[in-house]
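In: Fold the following.
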Amino acid sequence: MKAKVLQVLREADEFVSGEKISNTLSCSRTMVWKHIDALRKEGYEIVAVSNKGYKLTGEINNVSEHAISSRLQVDSMFQRVVYETVVDSTQTIANKLINEGIQSGTIVVANEQTGGKGRLGRSWHSPENTGVWMSLILQPEIEIRHAPQLTLVMAVAVVRAITNVTNLEGKIKWPNDILLNGKKVSGILTEMQADPDRIKSVVIGIGLNVNQQEFPEELSEIATSLSIESRKLYNRTEMIVQIVKEFEWLYQVYLEKGFLFIKPLWELHSMTIGKRVNIHTMREVIVGIAKGIDEDGVLIVTDQDGVDQRIISGDIQFANS
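Out: This is a model prediction of the structure:
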């Protein structure tokens, strides 16, 4: 209910009477006052004027369930937000919720992760009050072999969201990293639960460094944040909602038209195409020039013998780095 009260106040350009809020939300004026009082205690600036009502005059930069929910579009496919202050990993929580029967279209968000996960068993530094640590739960009706394409769809969404909020232009390093000025600012991890013939659920995890001012020594040369790159602080809730908004329309188009619609958008933001790369796969190291991705989202690398290699999965390094 706090989310709905906050949404009514935010969408109004003037004072809103308690009576109007109570009628809109089908609750008593006493309940309206209690929720407004609770929002004030969290730090929201809400002015009350006799015979005029309430007006939201100041937001806060804390992430919470109602802060996110109040910004989601009414017709969004993502209608449930699960927020935790501290978790091992939002991926772990999301998969646990799936096993408990939670529905598709759920967003799992944490203020801090103590065991944030990346690809290939790597960890993701996720300190409190600094970044976006979240996972989206989906149940897409697509072939199992197409599930990795969702990582590329999300990469486009994250890059577009970063630009929308900060005007910074992130670049995608295949398959799942977003870089700013050559340093990693975001990573994406897609995990799947499936039967032999169908996908049961997909969890897409996003880690985005937003307001960090420094990193541990071992990460300082390879990681950055939106704040470091722009010398500004950003509202993390706004960033979460922008990522969800961008992903939702890209995902719907992807389901309707397939990956061919996403491919040129991914290529537009790619920093991989045309680069000399070393690809570490499970079996070998492939050295060559990255040509791009095919209609399935698979990376095409022309090796040293001039043969095009299709890279479904691997760890990519730029040869000159």
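In: hey, where'd the helices end up in the stretch 1-150 of the chain?
Out: 2-11, 18-25, 29-42, 65-69, 90-99, 149-166 (DSSP state H, counting those that start in this stretch).
In: same thing with the stretch 201-321 of the chain?
Out: Under DSSP H, counting those that start in this stretch, the stretch 201-321 of the chain gives helices at 226-230, 236-257, 262-268.
In: Serialize the helices of the stretch 1-150 of the chain to TSV and add fields for mean pLDDT.
Out: As requested, the helices of the stretch 1-150 of the chain are exported to TSV (pLDDT from 0 to 100):
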stretch	mean pLDDT
helix 2-11	84
helix 18-25	87
helix 29-42	87
helix 65-69	92
helix 90-99	95
helix 149-166	97
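In: of all those, which gets the most neighbours per residue?
Out: helix 149-166 (a mean of 23; mean count of other Cβ atoms under 10 Å). In this view, the C-beta of every residue, glycine as well, is placed from N, C-alpha and C.
In: Give me the helices and strands touching that helix, please.
Out: On a contact count with 3 or more Cβ pairs under 8 Å, 6 or more residues apart in numbering; DSSP states H and E, helix 149-166 meets strand 171-173, strand 177-180, strand 183-195, strand 198-208, helix 226-230, helix 236-257, helix 262-268.
In: Which one of the ones you listed lies nearest to residue 97?
Out: strand 198-208 (9.3 Å; Cβ to Cβ).
In: Poorly predicted segments of the stretch 51-200 of the chain, please.
Out: Flagging of the stretch 51-200 of the chain using pLDDT under 70 yields the residue ranges 118-121.
In: do that again at 80, thanks
Out: 59-61, 117-124 (pLDDT under 80).
In: again with the stretch 201-321 of the chain
Out: For the stretch 201-321 of the chain, the ranges with pLDDT under 80 are 319-321.
In: would CSV of the helices of the stretch 1-150 of the chain with distance to residue 195 be doable?
Out: Shown next, in CSV, are those (distance: least, Cβ to Cβ, whole Å):
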stretch, distance to residue 195
helix 2-11, 35
helix 18-25, 42
helix 29-42, 43
helix 65-69, 32
helix 90-99, 13
helix 149-166, 18
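In: For residue 210, grab phi and psi.
Out: Note on residue 210: its backbone torsions stand at phi -100, psi -70 [degrees, to the nearest 10].
In: Same list (the helices of the stretch 201-321 of the chain) but as JSON lines, adding mean neighbour count and distance to residue 110.
Out: Converted to JSON lines, the helices of the stretch 201-321 of the chain look like this (neighbours: other Cβ atoms under 10 Å; distance: least, Cβ to Cβ, whole Å):
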{"stretch": "helix 226-230", "mean neighbour count": "19", "distance to residue 110": "18"}
{"stretch": "helix 236-257", "mean neighbour count": "19", "distance to residue 110": "11"}
{"stretch": "helix 262-268", "mean neighbour count": "17", "distance to residue 110": "28"}
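In: What are the structural domain limits within the protein?
Out: 2-58, 65-268, 276-318 (automatic domain parsing).
In: So for residue 209, which of the helices of the stretch 201-321 of the chain sits nearest?
Out: That would be helix 226-230 among those, by Cβ to Cβ, at 6.9 Å.
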